[in-house]
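Q: Below is the structure, and that's it, no one-letter string:
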């Protein structure tokens, strides 16, 4: 799958690269001659104009490229960092067919069975920190869990309903 | 007091005053150009505080200011960009010339002025201000907009056209006859084309000749080369401004980038002096009678600029809001118009031209950036949207009722 990136020269200023996403939105980057970059988002109603033009420093552009380029720094997202060796943080999406949609966190008995902890739940771009055992899951929730590799794989399996509870 | 002491005091007070004015202007989002012109009017002949001791210094500073304005303009473009743009944007450029230069010329004839003055006024109303417009586009966050390349290419063509217009104007104003004018034009065309060809083919080696590593040497060599070439160009009656512009185009790559950084403060200093100088050479008492004609001319040529931008944007498939943005953004006239008027003043053509040009530039450079903001207001967007919806419904043939 190739994405078409269009390049437009801006005489006297620099160059603009833009692309149209599958969802129909246009995003672009204006690269100034002096090294400055602007991230631009186009208006849906008026696709010729940009809704926002966000100046990015070199470091910010690099960080954004990193995030977009899949090496997602999950630890910082949930306010956590991988501290001890061997302890991992992972984002696990609740599968659509999960038996725990609509049920409580306590029902998973995840910590007892895998010794990995569910430390947060991401719902509608919001972070719900340290959910208690009575916390009720909903479809499309994303669970942030901390544990060993085996423990995290266990939690993934439990949420998917692959192990009999 | 010693003459040089008076000079120091005058120049010092003037520059400090300009600095304060610039600060006030920036607070209101105003370009400093109109403020500098007003300051010049305030000081000059017939003004409140005549500057006598520093007149010569300001005159030379103004000349250097024009040269620096033009060399920086040339540095912004590479020769490839200029030539590449020429092919795609030539129709827009021709349209721009017809729609904006002709009203100026006709207006001058209507006022009963001679053909020389008409040629000058045509130039004044033709060229938009690249500096002011680039700044406005940046401030409004429109650099990413789809119509921005259209605006920029109109500016590029105008600036390139000036490389041919200025020598012609210089020759005509100097009073050389038809034959002399043609030979000057020939020299100018050959020079401009030769520099473009050399810059495209050998821009790299020429630029490599000047080392980027030693900033001081680079500053001196670029400034020296520019002044030298400008002088030679003036000697050939090609106009020093064009010489400087061509030096800017010939330099490219890192040399151009570093030279831009180093010359910017110098340009800011001397360009300010240039605008003050232009104001100085106008007697404020001459202003009131030309205010009304200037206003009329401003309204007329701002409308034609809007039409220019509208049509140029339509040509590349921009929608209605973008066409209006392109048109309104192009309205400010600035440094080039003042440069052209300066030429005319120096040669003593039509005494009313300088006050008219001052008033004209003041009006367009203040109201232009404000007009450019119009399309961002909600009521304007709604108006345009309703207009577009109306067009869509009337544009479609109604289904016939049997």
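A: Looks like it arrived, so ask away. A quick note: this is a predicted structure, and the numbers were derived from the prediction, not measured. Residues are numbered from 1 along each chain as shown, chains lettered A, B, ... in the order given.

Q: Give me the number of neighbouring residues for the closest residue to residue A:26 other than its chain neighbours.
A: Excluding its sequence neighbours, the residue lying closest to residue A:26 (Cβ to Cβ, 6 or more residues apart in numbering or on different chains) is residue A:42, at 4.0 Å. Just so you know, the C-beta spots here come from the backbone N, C-alpha and C atoms, and that holds for glycine as well. Look at residue A:42: counted by other Cβ atoms under 10 Å in any protein chain shown, it has 21 neighbours.

Q: Which element, helix or strand, includes the residue in the stretch 251-400 of chain B positioned nearest to chain A?
A: Chain A sits closest to residue B:322 of the stretch 251-400 of chain B, with a gap of 3.4 Å, by Cβ to the nearest Cβ. Using DSSP states H and E, residue B:322 maps to helix B:320-329.

Q: That helix - contacts with which helices or strands?
A: Packed against helix B:320-329, as judged by 3 or more Cβ pairs under 8 Å, 6 or more residues apart in numbering or on different chains; DSSP states H and E, are the following elements: helix B:130-139, helix B:148-173, helix B:287-315, helix B:353-373, helix B:378-395.

Q: May I see the buried residues of the last one?
A: So that's helix B:378-395. B:381, B:384 (16 or more other Cβ atoms under 10 Å in any protein chain shown).

Q: Any chance you could note which residues of chain A sit beside chain B?
A: A:8-13, A:16, A:18, A:28, A:30, A:33-34, A:38, A:40, A:42, A:45-50, A:52-53 (Cβ under 8 Å from any Cβ of the partner chain).

Q: Please report how far residue B:82 lies from chain A.
A: Applying Cβ to the nearest Cβ, to the nearest Å, the value for residue B:82 to chain A is 8 Å.

Q: And for that residue, the neighbour number?
A: Residues near residue B:82, counting by other Cβ under 10 Å, number 20.

Q: low-scoring stretches of chain A, by residue?
A: Chain A contains residues with pLDDT under 70 at A:1, A:69-85, A:163-165.

Q: no, scratch that, I was asking about chain B
A: The model of chain B has pLDDT under 70 over residues B:1, B:44-50, B:53, B:177-178, B:392-402.

Q: Point out the residues in it that sit beside chain A.
A: Within chain B, the positions adjacent to chain A are B:76-77, B:81-82, B:84-85, B:130, B:134, B:141-149, B:152-153, B:155-156, B:257, B:318-319, B:321-322, B:325, B:381, B:385 by Cβ under 8 Å from any Cβ.

Q: which ones are touching the residue nearest to residue B:170 when sequence neighbours are not counted?
A: On the basis of Cβ to Cβ, 6+ apart, the spatially nearest residue to residue B:170 that is not a chain neighbour turns out to be residue B:239, at 4.4 Å. Shown in contact with residue B:239 (Cβ atoms under 8 Å, 6 or more residues apart in numbering or on different chains): B:166-167, B:169-170, B:233, B:343.

Q: could the helices and strands packed on helix B:320-329 go into JSON lines alongside distance to residue A:127?
A: Compiled in JSON lines, these are given as follows (distance: least, Cβ to Cβ, whole Å):
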{"stretch": "helix B:130-139", "distance to residue A:127": "36"}
{"stretch": "helix B:148-173", "distance to residue A:127": "38"}
{"stretch": "helix B:287-315", "distance to residue A:127": "45"}
{"stretch": "helix B:353-373", "distance to residue A:127": "39"}
{"stretch": "helix B:378-395", "distance to residue A:127": "34"}
